[in-house]
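J.: requesting a structural model of the entry that follows:
(chains A and B)
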2 protein chains.
Amino acid sequence: MTAEIIDGKAFAAGIREKVAAEVARVKAAGVTPGLAVILVGEDPASEVYVGHKHKATVAAGMESFEYRLPADVPEAELFALIDRLNADPAVHGILCQFPVPDHLDERRTVARIDPAKDVDGLSVVNAGLLATGGDALTPCTPLGCLMLLRDRLGDMSGLSAVVIGRSNLFGKPMAQLLLRENCTVTMAHSRTRDLDQVCRGADILVAAVGRAQMVKGDWVKPGATVIDVGITRVPHPDLPGKTRLVGDVDFAEAVEVAGAITPVPGGVGPMTIACLLANTLTACCRTHGLPAPEGLTA
Amino acid sequence: MTAEIIDGKAFAAGIREKVAAEVARVKAAGVTPGLAVILVGEDPASEVYVGHKHKATVAAGMESFEYRLPADVPEAELFALIDRLNADPAVHGILCQFPVPDHLDERRTVARIDPAKDVDGLSVVNAGLLATGGDALTPCTPLGCLMLLRDRLGDMSGLSAVVIGRSNLFGKPMAQLLLRENCTVTMAHSRTRDLDQVCRGADILVAAVGRAQMVKGDWVKPGATVIDVGITRVPHPDLPGKTRLVGDVDFAEAVEVAGAITPVPGGVGPMTIACLLANTLTACCRTHGLPAPEGLTA
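T.: A predicted model of the protein is given here:
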């Protein structure tokens, strides 16, 4: 058996088109969704991400606002900017690109953002809404995985899902989303005993630990849907001095066992920005009392 | 094998003594913890609960404030009272006894309470803090179960825990607490397939579904710790016309297999009020910048 390879790039392109179509709809109602991105300092990787986000936002027909602050910006100044954006009716989503320099605190920064504009879904309020069944803004990567799973599986009710990794950014919200889909959800992590056996029980296996190729083929239940959230650069096996990107799953092995699997790269990765756009649109719709876009929320 | 029967009544009495000792300590520092309970209408069961809470609060050396509102109280009037209590420095914990009459909304009511005084731990903010590893006020019944488990098992790291039931009040926070203890946590529920098999994998089995004696002896892993949160009144098997209370676990069967088990009644039940007192003390200590009481928090 060889698994279907889930084309996250194509699927994400579809989501971005869908967002663009919905943006056109709300614009016709007189509102233009707007996303503000704050970049503190000059981390080159962050510069690249912020650039991608800007381009995607504009491509979807939304307003993109960029704010670049010096690496030594005092917290008070960052917070003053966030306060202004919280109050700005043209801004529906706000995100501060992490990591921020050491003198700033990520938790405090996220907490400063109006939860209704917290399109990264990282605030305590959005985590609480997600945990209690409210209308949360959901972190982008787990939301993207949910969309891929829904597309592949439809009704997930009663399926056994195992999430490896319990970060606030991914593992915990992913578990909540799968629980909402009526999966039986197991949260596994570094302390889990017999992890291979736990994984073998999973109809849906989601790996997000950041350990290259940790999940072996014989950890995968035949026919399972495998979502690989990890991304690690490792030495290339055939090209000396070169590197390549791999996930948390040993793809070559797992593809022989799984029913479907996301590759790395080109699987989950492209969904993140697509879901950031979706969340900005959702935040805009909720603020203006417009119906939330179908298929773009949890 | 016959399980150790966990005496929740005795353990809860110990917690209440511990709270009383800590209350004496904070009083010596010049602060008296205070709990305000709001009762809307005249539900007889609620009257009994509120009475118990009042007595326990006073017995622990804390201030008890009771507010009784008529069944038809307008929401605005209830909220005005909550606002006053939020602002009152003598009040460290506020709870509104549920259920409230139909014209009132539980979610909105809880949301009105200052999260720092939400000693039932039911607000979105406290759920979010619990989910993200912050200093939450934790719902009382799961906190009580956690205390019983810590007392019995000590370090739970790597143990497999299954929670049946996914309510906001119990199952979801219980799962979060067990995850914090580094258990591998499975959230099971009405849609779970092969629930008996899922349960048989559990070193810690927590049942909270409200279905009398649903969990059979052969669902229990030999030596497991079983926490029974259900409580249902059923016809007495031997005394016609009489009733008795049973849990979600078939106690007579499970006691032969488990390593330890909570009875119903006398297991988890008595822990709830003890944890309400603990939470009020915790809220008071946090408000006043005093060290949080050891062993009384998550």
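
J.: ok, and the closest non-adjacent residue to the residue of the stretch 51-200 of chain A found nearest chain B?
T.: Proximity to chain B, evaluated over the stretch 51-200 of chain A using C-beta to the nearest C-beta, is greatest for A:G128 at 2.8 Å. The C-beta positions use only the backbone N, C-alpha and C, and glycine is treated the same way. Distances taken as C-beta to C-beta, 6 or more residues apart in numbering or on different chains place B:G128 nearest to A:G128, at 2.8 Å, with adjacent residues excluded.

J.: what of A:I204?
T.: A:A161 (4.0 Å).

J.: isn't that neighbour up against A:N182?
T.: No. With contact defined as C-beta atoms under 8 Å, A:A161 does not count as touching A:N182 (10.0 Å).

J.: and those two? which has more neighbours close in?
T.: Higher neighbour count among A:A161 and A:N182: A:A161, with 28 against 17, using other C-beta atoms under 10 Å in any protein chain shown.

J.: sorry, back to before: and the residue of the stretch 51-200 of chain A closest to chain B, how many neighbours does it have?
T.: Using other C-beta under 10 Å, A:G128 has 25 other residues around it.

J.: host element of it?
T.: Using DSSP states H and E, the element containing A:G128 is helix A:124-132.

J.: give me the neighbour count for the nearest residue to A:G230 once chain neighbours are set aside.
T.: Leaving aside its sequence neighbours, A:G230 sits nearest to A:D248 (C-beta to C-beta, 6+ apart; 3.1 Å). A:D248 has 25 neighbours, counted by other C-beta under 10 Å.

J.: ok, the residue of the stretch 51-200 of chain A closest to chain B - contacts?
T.: Contact analysis of A:G128 by C-beta atoms under 8 Å, 6 or more residues apart in numbering or on different chains lists A:G134, B:S123, B:V124, B:V125, B:N126, B:A127, B:G128, B:L129, B:A131.

J.: okay, those residues in CSV with pLDDT and distance to A:A60 next?
T.: Formatted as CSV, these follow (pLDDT from 0 to 100; distance: C-beta to C-beta, whole Å):
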residue, pLDDT, distance to A:A60
A:G134, 94, 26
B:S123, 97, 35
B:V124, 98, 30
B:V125, 98, 32
B:N126, 98, 36
B:A127, 98, 32
B:G128, 98, 29
B:L129, 98, 33
B:A131, 97, 30
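
J.: give me the buried subset of those.
T.: B:S123, B:V124, B:V125, B:N126, B:A127, B:G128, B:L129, B:A131 (16 or more other C-beta atoms under 10 Å in any protein chain shown).

J.: adding distance to A:P70, write the residues you listed out as JSON lines.
T.: Shown next, in JSON lines, are these (distance: C-beta to C-beta, whole Å):
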{"residue": "B:S123", "distance to A:P70": "38"}
{"residue": "B:V124", "distance to A:P70": "35"}
{"residue": "B:V125", "distance to A:P70": "33"}
{"residue": "B:N126", "distance to A:P70": "37"}
{"residue": "B:A127", "distance to A:P70": "37"}
{"residue": "B:G128", "distance to A:P70": "32"}
{"residue": "B:L129", "distance to A:P70": "32"}
{"residue": "B:A131", "distance to A:P70": "34"}
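
J.: next, the distance between the ends of stretch A:130-140.
T.: The straight-line separation of the ends of stretch A:130-140 (C-alpha to C-alpha, to the nearest Å) is 13 Å.

J.: same thing with stretch A:87-107?
T.: Using C-alpha to C-alpha, one end of stretch A:87-107 lies 20 Å from the other.

J.: what residues does the residue nearest to A:R166 when sequence neighbours are not counted make contact with?
T.: In this structure, A:R166 finds its nearest non-sequential neighbour in A:H189, 4.7 Å apart by C-beta to C-beta, 6+ apart. When contacts are counted by C-beta under 8 Å, 6+ apart, A:H189 is found next to A:I164, A:G165, A:R166, A:G171, A:V209, B:L179, B:N182, B:T184.

J.: where's the residue nearest to A:I204, which helix or strand?
T.: strand A:160-164.

J.: okay, and the residue in chain A sticking out farthest from the centre sits in which element?
T.: Most distant from the centre of chain A: A:P240, at 33.0 Å, with distances by C-alpha atoms, centre = their mean. Secondary-structure assignment from DSSP H and E places A:P240 in no helical or strand segment.

J.: how far away is it from B:R166?
T.: From A:P240 across to B:R166, the span is 52 Å (C-beta to C-beta, to the nearest Å).
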